[in-house]
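**Student:** I need the structure of the sequence given here:
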Amino acid sequence: MTTLVKCLVWDLDNTLWNGTLLEDGEVAPLPGVLETVRELDSRGILQSVSSKNDHDLAWRRLEELGVAEYFVLPMIGWGPKSQSVKEIAERLNFALGTIAFIDDQPAERAEVTFHLPDVRCYDASQADELTALSEFSPERVTVDSRRRRQMYRAGFERDARRAEFTGPDEEFLRSLDLVMRIGRAGEEELSRVEELTLRTSQMNATGVHYSDAVLRALLADDDHEVLVTTLTDRFGPHGAVGIILLEKHPAVWRLKLLATSCRVVSFGAGTVLLNWLESEAARAGVHLTADFRRTDRNRMMEIAYRFAGFTSESCGCTQDVPFAADGEGIQRLHLKPTDKGAPTTLRLVAPDLVAKGA
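**Tutor:** Residues are numbered from 1 along each chain as shown. Predicted coordinates for the structure are as follows:
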């Protein structure tokens, strides 16, 4: 299976544009290049720059061409390109095998390959062919994929503000004007839900992947809730950051899956979701159970469940309810819920689960 490229790093002179900026001044984009940049961006593939150039001149020219906004973490200077590519990968927290580099100079590609053998390198003549290659063609493009660049840009600005902030973490979170929305999944959200079950491992309670077909069946079942969570703040969207799969019975609700993106662990997203669900269950007068399967990566999720009050003690609330496990090694945790009140660090917009079941 081909590993998808998550970030393409562009050279500029004789790669993105025709000519050498410092010698030719007014350089023009090479044929098809700008179309490639825009198409890759629409597929959710991030793009950056590694160019031996005068930074201010090169960036001004990118702005004049109307494409500067497409590049995150540009590295324009006189150092080795392998170092620039490595730094881009590290700041994005991407494995080197998901990074690609395109340059017209064989010596530059060789230098990157020597130091970073996992990075895939392409000759500039291939620029208008990249969108046809499998490694640049994700099987599915979601709403979040199409705005991935904006999400990363917002994240960089958010991180910079956090580094400057000197007060308590809770005050910083309140300063972000966070808004969490929990909504019932529809047609558009299904791909985002499936993607989260696939890609989230550290904050995934079971590690079970729910396919599109299974999710559609759950949506059609009145006893199930398929909920997707999004998060925004004053810097921009975080995108879809959490999912809840809930099976509802008269005396007990079964939390079949809770998964949240690792990107929002520091915002307490998992705790907010669990507290909201517990409060809803308390209003409905039902107990909560939660499926949990320990993996080699989800220790944080187990801690979150235990901290919320879930235990391994059995309860008669499930005696007459057929709970078929969705995977091997599933434990059933139990909680008698209480009302947790509203979150203090964000505004929560959520459906009324009790009304639907009434």
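
**Student:** Next one: Asn171 from Asn275, what distance?
**Tutor:** Rather than Asn, residue 171 is Glu. Distance of Glu171 to Asn275, given as C-beta to C-beta, to the nearest Å: 20 Å. For every residue, glycine as well, the C-beta is placed using N, CA and C.

**Student:** Among the two, which residue is more densely surrounded?
**Tutor:** Neighbour tally, Glu171 and Asn275, criterion other C-beta atoms under 10 Å: the higher count belongs to Asn275, 20 against 11.

**Student:** Doesn't the more buried one belong to a helix?
**Tutor:** Yes - counting by DSSP: H, G, I helix; E, B strand; the rest coil, Asn275 is found in a helix.

**Student:** ok, the nearest residue to Asp41 once chain neighbours are set aside - how many residues close by?
**Tutor:** Take Asp41 and drop its neighbours on the chain: the residue closest to it by C-beta to C-beta, 6 or more residues apart in numbering is Tyr70, 5.3 Å away. The local packing of Tyr70 (other C-beta under 10 Å) involves 18 other residues.

**Student:** I'd like to know how far Tyr70 sits from Arg38.
**Tutor:** For Tyr70, the distance to Arg38 equals 7 Å [C-beta to C-beta].

**Student:** How about Leu255?
**Tutor:** Counting by C-beta to C-beta, the gap from Leu255 to Arg38 is 41 Å.

**Student:** and those two? which has more neighbours close in?
**Tutor:** Using other C-beta under 10 Å, the more surrounded residue of Leu255 and Arg38 is Leu255, with 26 against 13.

**Student:** Would you confirm that the more buried one contacts Leu277?
**Tutor:** Yes - counting by C-beta atoms under 8 Å, Leu277 is a contact partner of Leu255 at 6.8 Å.

**Student:** shared neighbours of those two, which are they?
**Tutor:** Residues touching both Leu255 and Leu277 (C-beta atoms under 8 Å, 6 or more residues apart in numbering) are Ile244, Leu246, Leu288.

**Student:** out of those residues, who has the most neighbours?
**Tutor:** Most surrounded of the shared contacts of Leu255 and Leu277: other C-beta under 10 Å gives Leu288, at 25 neighbours.

**Student:** helix, strand or coil for it?
**Tutor:** The three-state label given to Leu288 by three-state DSSP is strand.
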